[in-house]
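Undergrad: Predicted model, plus sequence, below.
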Amino acid sequence: MRRFAALILAPYLTVTAELDDYRWLISRDAEPYLQAAAACGGSPADVARFRRELTPARTHLVLEQAELRRRARGKFVRADAMFFTRRGLEQSTDQTVAAYKAARLVPHAAPHGPVGDLCCGIGGDLVALAAALASVSPYAKVIGVDADPVVALLAAANLAVHGYDTSSVLATDVLSEPVQSMLREAAAWHIDPDRRPTGERRTRLEAFSPSLEQLQQLLQLTPAVAIKLAPASELPAKWIGHMEREWIGFQGECRQQMAWSEPLARFPGCRVATVLDAASPRTVVGPPDEPAPVPVAGAASQYLYEPHAAVLAAGLADVLAAEHGLKRLTANVAYFTGEQPVRDPAVTTFELIEVLSLRPKEIAPWLAARDLGRVEVKKRGVDIDPLKLQRQWQGRGEGAATLIIAPVAGRVMVHVTRRLSTH
């Protein structure tokens, strides 16, 4: 019989037919159907076979799981063996970001006690924490918690897929006595509060589940915590002075904000942006107060620069620009300019080719005359549709150009550039 990480169901949770179907899904009995669904891509013949041999619910689960595994390949190396729900996959932390967070959290925890992963979902962070703990101590373990018994079941299965059978998952509320008892012994814990408890995505901690008040209760049990937040979330005033706020970027996007409490915080009271688009993390650290603004150039120099989305979300564009001696292209717009290319995963560098006025009908012929057919359009500070202009200006030329549109000295200008680096 396949070994799974222990799944512990709280007594008050009712085992439903749906849960039984998911139990079947993670069993060996479902493997031939999952393999067939992955190979056929949902062909009519195979779907008909599934319907003859399986219940409608299990047919749906098999076909859905094949689709979700294909979608999950961009997040997880072992996606083809893992188990997902649609919402669980959407909300899960991808493998690279999860591994980075686990590497920050685990050294402060092991081997002093278990690590908790509350609201663990399908286990993106949970698996990464188990891997990090295993590298530090063979006796340390991570305990996942999720109130949804289906999701908790899949999280336990995903731990087993990665070989972490000694860790476990509690299918219960994070405020239940078993969880509170675990947190009293835990060295540290991670939590991903539900930002859509009523169906609509929220950014305020008061609207999360567990709520701000409930998080405060949990912090009293074990204060070493890493809290996953939306990039736009604000911390309560009483947390700001001792927590590190970190915006994590990967593949050019700001993936999440983390609030790290002491002793996990490296820079208490500071805003930090970390970019994972290079061989090692690139961290930009801001001062406890507002960073000093950099000078405004008012015109483009030889190069233009765009900070990574995580740097922008953290409000640290001026800190990054000052580090490299850059100036703002124009006031209140997050494009910068300078005389030298910058090699830094936290910023993209563009070499200036030409500066044009925004006359859309004249720009396409100008690009065509210079064999620039592959066009990317970026904009800040102006009310235009960059995708519409991008379609309008695409041509047959072999060359590529990035057109950066921004107001400069009261006029909307188009900066035709060549991208030198990428996130």
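TA: Cool, the structure landed.

Undergrad: Would you map the helices across the stretch 251-400 of the chain?
TA: With DSSP state H, counting those that start in this stretch, the ranges of helices along the stretch 251-400 of the chain come out as 309-313, 317-324, 360-369, 386-393.

Undergrad: what bits of the stretch 201-350 of the chain have low per-residue confidence?
TA: Applying pLDDT under 70 to the stretch 201-350 of the chain flags residues 201-203.

Undergrad: about what we covered before: now render the helices of the stretch 251-400 of the chain as JSON lines, adding mean neighbour count and distance to residue 85.
TA: For glycine as for every other residue, the C-beta is placed from the backbone atoms N, C-alpha and C. Below are the helices of the stretch 251-400 of the chain laid out as JSON lines (neighbours: other Cβ atoms under 10 Å; distance: least, Cβ to Cβ, whole Å):
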{"stretch": "helix 309-313", "mean neighbour count": "24", "distance to residue 85": "27"}
{"stretch": "helix 317-324", "mean neighbour count": "21", "distance to residue 85": "37"}
{"stretch": "helix 360-369", "mean neighbour count": "14", "distance to residue 85": "45"}
{"stretch": "helix 386-393", "mean neighbour count": "15", "distance to residue 85": "32"}
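
Undergrad: which strands and helices sit next to the biggest helix by length in the chain?
TA: When the chain is parsed with DSSP state H, its longest helix is helix 56-72. Secondary-structure packing of helix 56-72 (3 or more Cβ pairs under 8 Å, 6 or more residues apart in numbering; DSSP states H and E): helix 17-25, helix 31-40, helix 44-53, helix 86-91.

Undergrad: Okay, buried residues for it please.
TA: For helix 56-72, the neighbour count (16 or more other Cβ atoms under 10 Å) marks 58-59, 61-69, 72 as buried.

Undergrad: average pLDDT across that helix?
TA: In this model, helix 56-72 has a mean pLDDT of 94.

Undergrad: got the angle for that helix vs helix 44-53?
TA: Helix 56-72 runs at 140 degrees relative to helix 44-53, counting by axes from the mean of the first three to the mean of the last three Cα atoms, to 10 degrees.

Undergrad: what distance separates helix 56-72 from the middle of the whole chain?
TA: 23 Å (Cα atoms, centre = their mean, to the nearest Å).

Undergrad: contacting residues for residue 158?
TA: Contact analysis of residue 158 by Cβ atoms under 8 Å, 6 or more residues apart in numbering lists 82-83, 122-123, 126-127.

Undergrad: and the residues you listed, which two are the farthest apart?
TA: 83 and 126 (12.8 Å; Cβ to Cβ).

Undergrad: who has more neighbours, these two?
TA: residue 126 (34 against 28; other Cβ atoms under 10 Å).

Undergrad: Tell me if I'm right that that one and residue 155 touch.
TA: Yes - if you go by Cβ atoms under 8 Å, residue 126 and residue 155 touch, sitting 5.7 Å apart.

Undergrad: overlap in contacts of the two?
TA: 120, 144, 169.

Undergrad: Pick the one among the residues you listed closest to residue 413.
TA: So of these, ranked by how close each gets to residue 413 (Cβ to Cβ), first place is residue 120, at 48.9 Å.

Undergrad: who touches residue 241 in this structure?
TA: 268-269.

Undergrad: Torsion angles phi and psi at it?
TA: Here is the backbone geometry of residue 241 (degrees, to the nearest 10): phi -70, psi -20.

Undergrad: For residue 414, see how far away it is.
TA: Computed as Cβ to Cβ, to the nearest Å, the residue 241 to residue 414 distance reads 44 Å.

Undergrad: And residue 298, by the same measure?
TA: For residue 298 relative to residue 414 (Cβ to Cβ), the value is 17 Å.

Undergrad: in stretch 279-295, what's buried?
TA: Applying 16+ other Cβ under 10 Å to stretch 279-295 flags 282, 284-286, 291, 294 as buried.

Undergrad: Now, those that are in strands?
TA: Cross-referencing the buried residues of stretch 279-295 against strands under DSSP state E gives 282, 284-285.
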